[in-house]
Each structure stands twice: as C-alpha cells, then as structure tokens.
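**Q** Build me a model from this:
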Amino acid sequence: MRTRICRKLNYWALSPSCNVMLLLINVCLLSITGLVWWTAFQGFIDVERRVYPKRIETDGPNLIFHNRGADLKPNVSLELIRNSTTLRSEPVGGNLSNTNTVSSSRIHLSSDPPPTCYKYGHDNQKSLKPKQTLRQLRCQRRLPKVLIIGVKKCGTVELTGLLDHHPQIEGISGVSFDPNVPVEEWIRKMPMSSPKQVIVGNAPGLLDRPSLVDYINEVIPDLKLILILCDPIERAKSDFNHIVNVIARKSELQRLVRHRFDKKTQQKIALFRGYELLDNFEDTITNNHGNLNTSHLLIQKGLYIRYIQDLFEQIDDIEQVLVVDGGMFQKNPLFALKEVEQFLGLSRFFTKQQFYFDQKAALLCMNATDRPNNYCLGSINGTVAQRGEINSQIFHQMADFFRPYDLQLSDYLNRTFSWM
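**A** Numbering: from 1, shown residues only. Got it, this is the predicted structure:
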C-alpha cells in the first residue's frame, strides 16, 4: 500500500500539469500578499496625514488651524494666511426662490447629515465627545464662514440657537474679532467642528463697524453675512430692558434698584455700555421738554439704513448678505430658517412638525429630538418688548421719527418689512 501511494505521488510530482498548477498557486499567493501589504501601507499614510496635517490648510467650507504645540506660531501674518489658503465655495442644487438675497456661490457641503463633535447633557449643556471620536471625525477649531452681525435685540441669539440644531451647522454666540490680535487667537475661541460642518457665529456688534467687517472678509474669503432686522421701536425698548435686567445685574452694580438708579449707578451703566440710562425708558429717550432725544444711542441703533449702506460700501458682493425680517422670525421662525438653509446651500432639515406652542410658558418652541430639552424663542433673558409697553405719546414720536428711515430702507432693499 505504502509503495503504491509513493509511486502515485512521484508520478504527479513529475507531471507537467502539476508543475503549472503549482506555479499558478504561487503567483496567486504572492499577488494576495502584495495587495495586503499595499493596503496596509496606504492606511498608514492616511493615518499620518490625519494625525500630522499641515498647520494651516483648507478643509471643506472652513479654514482650519491645527494646534500642534511646538509648531504653533502665533504671529503668522494675514498675507501669509491669504496666500496659503483657497477656500472652496461651490454651488449646490438648482435655482432658489422666495429668498431676498441668495448667493450664487454657496458653501459646498455634503447632503448627508454629518456627525457632530459634541454630545448634549442636562439643560442642553454640550461637551466634547471622546478624543478618539474627535480624531475619527477630524474635529478641529475653524474660523466661521457665516456671521450674524445684527441687529442687537432683533433675535440674533435665537436665530443662532435654532440654526445650531442643524446637523451641518455648529453655532456660537458672542463672537468677537479683535484686529489687534493674531488670527490664531480668533480660531482658539471657536468651537470644534467636522469638515462637513460650517460654523455660524453670532456677532451683533459688527453691524456698526463696517471697516472691521471688511478686514474679517479679507481673513475669511467668501464670508457670508446675515442681518436680522426688527421694529426699531420695540428694539429700543428691548435694548433698554436688556441693559437694566441682564447687563447691570451681571456686572458689579450691586446697588441697582428695580425702578430707580442713583447718579453713581447711572454713570457706571453709561460707562459700561456707552448708554445713558435714567429712571425709565421714556425718560431715557426724551429731553427735559418731553421731546424725543434722537441722538440717544437707543434711537440711533434703529436707523438701519445708515448701517446697511455703510456695510454694502465695504463688501464687494452684496449677494453674500442675507437680510431676515426679525418680526416674521418671531412669528414664523420656520420661514427664516428655510431662507438661511437656501442661502447657505444646506440640506433641508427644519420642518413644520418640529415647532409647537408651549401653553404653559406661552412661548414658541422647537422640539429638539437630539437634545434633552427643547429650545424656546424668548426664553433667553425675557427682555423682549412690545409696542403696548411704551407710553403712547412717546410711541407716536418714535414712529414719526423712524418712518422716513424705514421707507429709505424699504426702497434700498426693494422689500417691505413686517413692522412697516
């Protein structure tokens, strides 16, 4: 038996067909081994690129700053940043309608909802996801590509808060840009975002600083701006309420009385925000004769046409600016949110089913399925004012004063706003 088996093996070993078969098997094994090694090598190179990217590069819609410790150079010049980056701005989708100003070059983002870099806990407090997840998502601090620059007390914070629910948006309030500090300092204050997200910053103080907007636009090419305007009469009263109820109480003005300020407290408040406040709103905006003090800052900030004309003179492409009706936004935020989605070329996320009226709080709210608590308009500080809160005589003086400026605004933008 053993001799018979050995003879058969020797026969096959010496057979030409057996040799060809063995050769083919060896070739296949070598090819598979080479393919495995090549795949592993490409994966290693990809990891190297992710872990050790260039210090300043472009990624999706944002300018990325990679903080790598020893490589950090805080004094990189503005010219170097402009010359070393080319931010993409490509059209997405077809023609749009029902928008007042739609840019022809929209931010190019994926239509798939991207995973975010944050998780939400109690009271919607957000915290970063684990470091390994952040590396996988390529989360970095990036400069915003969209800024909501005003007007104060017209819903800038609420608009930012609602937009932050969009999976392609990472919103941040209270953004400040100091031209006297390196751009890297700006980036350090930004939140984390993935390459498939765009940062939308709320900076309402920029509207009356058009030269700073022009400088920011040089740092961030194709910067998009959003303006939200509201009734200048209600805005002035809301601004007064905000200063008294929020800013003053959070400052060191401990002797602030509910309805009356002593002289020293008035001086401190005026110095704190550039406003001069008296006992109440009506006394603050009128002179000794009971006439409207049109030079008061509360009134001047309602002359939107002046700010917008100065702003448009500083920017090259007015299609990079979207003007939102703040009055309509408070009544129907969905319309304004869809305007912003179209303006930025984002996927459709906001729907009618997400909004409801909270009977107990008497507020319009958004049902946030990805967060513990829902988001309600007007719940931020409770300083929103209505026309009925203002003395009728002062109200008519304010209405007569603002009317010609509102008409100029309507003609300039070729549209009518809800308060007109």
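**Q** which regions of the protein sit below the pLDDT cut-off?
**A** Within the chain, the stretches falling below the threshold (pLDDT under 70) are 1-23, 27, 35-36, 38-114, 246-274, 379-388.
**Q** Please enumerate the strands of it.
**A** Per DSSP state E, the chain carries strands over the ranges 56-59, 62-65, 118-120, 126-128, 140-142, 146-150, 169-173, 192-193, 198-202, 224-229, 321-325, 355-358, 363-366, 375-376.
**Q** And those strands: which comes nearest residue 296?
**A** Closest of those to residue 296 is strand 146-150, at 18.1 Å (criterion: Cβ to Cβ). For glycine as for every other residue, the C-beta is placed from the backbone atoms N, C-alpha and C.
**Q** Each with direction, which strands does the closest one pair with?
**A** In the sheet containing strand 146-150, its partner strands are strand 198-202 (parallel), strand 224-229 (parallel), by DSSP bridges.
**Q** What residues of it count as buried?
**A** Along strand 146-150, these residues count as buried under the neighbour rule (16 or more other Cβ atoms under 10 Å): 146, 147, 148, 149, 150.
**Q** Stretch 332-352 now?
**A** For stretch 332-352, a neighbour-count test (16+ other Cβ under 10 Å) marks 333-334, 336-347, 349-350 as buried.
**Q** can you check stretch 318-326 too?
**A** Of the residues in stretch 318-326, those buried (16+ other Cβ under 10 Å) are 320, 321, 322, 323, 324, 325, 326.
**Q** end to end, how far does that stretch reach?
**A** One end of stretch 318-326 to the other measures 20 Å (Cα to Cα, to the nearest Å).
**Q** what's it in contact with?
**A** By Cβ atoms under 8 Å, 6 or more residues apart in numbering, the surrounding residues in contact with stretch 318-326 are 99-104, 151, 154-155, 159, 222-231, 308, 311-312, 315, 336, 339-340, 343, 413, 415, 417-418.
**Q** Just flag the most distant two among the buried residues of stretch 318-326.
**A** If you compare every pair in these using Cβ to Cβ, the most distant one turns out to be 320 and 326, at 19.9 Å.
**Q** about what we covered before: can the strands of the chain go into CSV with extra columns for distance to residue 34?
**A** As requested, the strands of the chain are arranged in CSV below (distance: least, Cβ to Cβ, whole Å):
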stretch, distance to residue 34
strand 56-59, 33
strand 62-65, 35
strand 118-120, 43
strand 126-128, 41
strand 140-142, 36
strand 146-150, 48
strand 169-173, 43
strand 192-193, 39
strand 198-202, 42
strand 224-229, 49
strand 321-325, 54
strand 355-358, 58
strand 363-366, 55
strand 375-376, 55
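**Q** for the ones you listed, which one sits closest to residue 37?
**A** Between residue 37 and these, the shortest gap by Cβ to Cβ is with strand 56-59, which sits at 29.4 Å.
**Q** measure residue 311 to residue 217 for me?
**A** Residue 311 sits 11 Å away from residue 217, taking Cβ to Cβ, to the nearest Å as the criterion.
**Q** So between the two, which is more surrounded?
**A** Set side by side, residue 311 and residue 217 show unequal neighbour counts under other Cβ atoms under 10 Å, the larger going to residue 311 at 22 against 19.
**Q** are any of the contacts of stretch 318-326 buried, and which?
**A** Neighbour counting with 16+ other Cβ under 10 Å marks 101-103, 151, 154-155, 159, 222-231, 308, 311, 315, 336, 339-340, 343, 413, 417 as buried within the contacts of stretch 318-326.
**Q** quick revisit: and of the buried residues of stretch 332-352, the nearest to residue 304?
**A** residue 336 (16.8 Å).
**Q** ok, the closest one - contacts?
**A** Residue 336 makes contact with 159, 228, 324, 325, 328, 329, according to Cβ under 8 Å, 6+ apart.
**Q** The fourth one pairs with what?
**A** Beta-bridge pairing of residue 325 under DSSP bridges involves residue 229.
**Q** Now, the buried residues of stretch 332-352 that are in helices?
**A** Judged by DSSP state H, the subset of the buried residues of stretch 332-352 located in helices is 333, 334, 336, 337, 338, 339, 340, 341, 342, 343, 344.
**Q** Spatially nearest residue to the fourth one (excluding sequence neighbours)?
**A** What it means is residue 337. With sequence-adjacent residues excluded and distances taken as Cβ to Cβ, 6 or more residues apart in numbering, residue 337 is closest to residue 350, at 4.4 Å.
**Q** looking at it, that neighbour is touching residue 168, isn't it?
**A** No - the pair residue 350 / residue 168 is not scored as a contact, 11.7 Å apart, by Cβ atoms under 8 Å.
**Q** any idea how far residue 204 is from the closest residue to residue 298 other than its chain neighbours?
**A** Sequence neighbours aside, residue 236 is the residue nearest to residue 298 in space, at 4.4 Å (criterion: Cβ to Cβ, 6+ apart). Taking Cβ to Cβ as the measure, residue 236 and residue 204 are separated by 15 Å.
**Q** Same check on residue 24?
**A** Here the criterion is Cβ to Cβ. By it, residue 24 lies 73 Å from residue 204.
**Q** Same drill for those two, tell me which one is more crowded.
**A** Neighbour comparison, residue 24 and residue 204: the larger count goes to residue 204, with 23 against 10 (by other Cβ under 10 Å).
**Q** dump the residue contacts of that one.
**A** Contacts were defined as Cβ under 8 Å, 6+ apart; by that measure residue 204 touches 148, 149, 150, 151, 152, 156.
**Q** Tabulate those residues (a markdown table), appending distance to residue 182.
**A** Compiled in a markdown table, these are given as follows (distance: Cβ to Cβ, whole Å):
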| residue | distance to residue 182 |
| --- | --- |
| 148 | 24 |
| 149 | 22 |
| 150 | 26 |
| 151 | 29 |
| 152 | 27 |
| 156 | 26 |
